[in-house]
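> Have a look; sequence and predicted model below, questions after that.
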Amino acid sequence: MSAKLPSRTTIGTVPAFVGALFIGYVGVNYLLAPQSMAPNFGLPSWPHGEGAGFLAVKGARDLASGLVILTVLMTGKRRVLGWVMLATALTPICDMLIVLLSGGEPATAFGVHGATAAAVILAGGLLLSGSRVAPPVALAVESR
């Protein structure tokens, strides 16, 4: 007996789902308790007082990112989800660069933001490599 291994699409869907839930959770926490979340971002300082509104911007961005991924996931369009994941990877890549260029902690830049970007890119790559578009001939036959 040989066990059937899950497809690349299935394997890519799991981190996409978990990642969407996680980034949505982070977003909600930045909206509800921004001052407790800010130190974990990796910057040497964060906005206080009137400037603290920028933390809510991060929260809204993260929450929206998670909801976009979940929305595309619910459509069942795994190829589209793969492209969305690759596009979404730009956010943690930019976060990593912001931390590094602002004198933040390199360990957090690479360990949190860089690792997140790598996981998102991996999930997107698995989703794209595991889902195939039907050849144009097959599409023409099916549409008759």
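Good, I have the coordinates.
> okay, CA-based contacts and neighbour counts for the rest of this
Noted.
> Please report how far Arg8 lies from Leu81.
As judged by CA to CA, to the nearest Å, Arg8 and Leu81 stand 13 Å apart.
> neighbour count winner among the two?
Leu81 (26 against 16; other CA atoms under 10 Å).
> Can you get me a residue count around the spatially closest residue to the more buried one that is not a sequence neighbour?
Ranked by CA to CA, 6 or more residues apart in numbering and with sequence neighbours excluded, the top spatial neighbour of Leu81 is Val72, at 5.8 Å. Using other CA under 10 Å, Val72 is surrounded by 17 other residues.
> now the one 3 residues further on
Thr75 is flanked by 10 other residues according to other CA under 10 Å.
> From Val28, how far out is it?
Applying CA to CA to Thr75 and Val28 gives a distance of 24 Å.
> I'd say the residue nearest to Leu81 and Gly82 touch.
No: in terms of CA atoms under 8 Å, Val72 does not count as a neighbour of Gly82; the distance is 9.6 Å.
> Which single helix of the chain contains the most residues?
In the chain, taking DSSP state H as the definition, the longest helix is helix 8-32.
> Who are the packing partners of that helix?
helix 53-75, helix 78-88, helix 115-130 (3 or more CA pairs under 8 Å, 6 or more residues apart in numbering; DSSP states H and E).
> want to try a markdown table for the ones you listed, with mean pLDDT and distance to Phe17 as columns?
Formatted as a markdown table, these follow (pLDDT from 0 to 100; distance: least, CA to CA, whole Å):
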| stretch | mean pLDDT | distance to Phe17 |
| --- | --- | --- |
| helix 53-75 | 95 | 7 |
| helix 78-88 | 96 | 10 |
| helix 115-130 | 94 | 10 |
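> Reformat those helices as CSV; add distance to Lys4.
Output for these, formatted as CSV (distance: least, CA to CA, whole Å):
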stretch, distance to Lys4
helix 53-75, 23
helix 78-88, 20
helix 115-130, 15
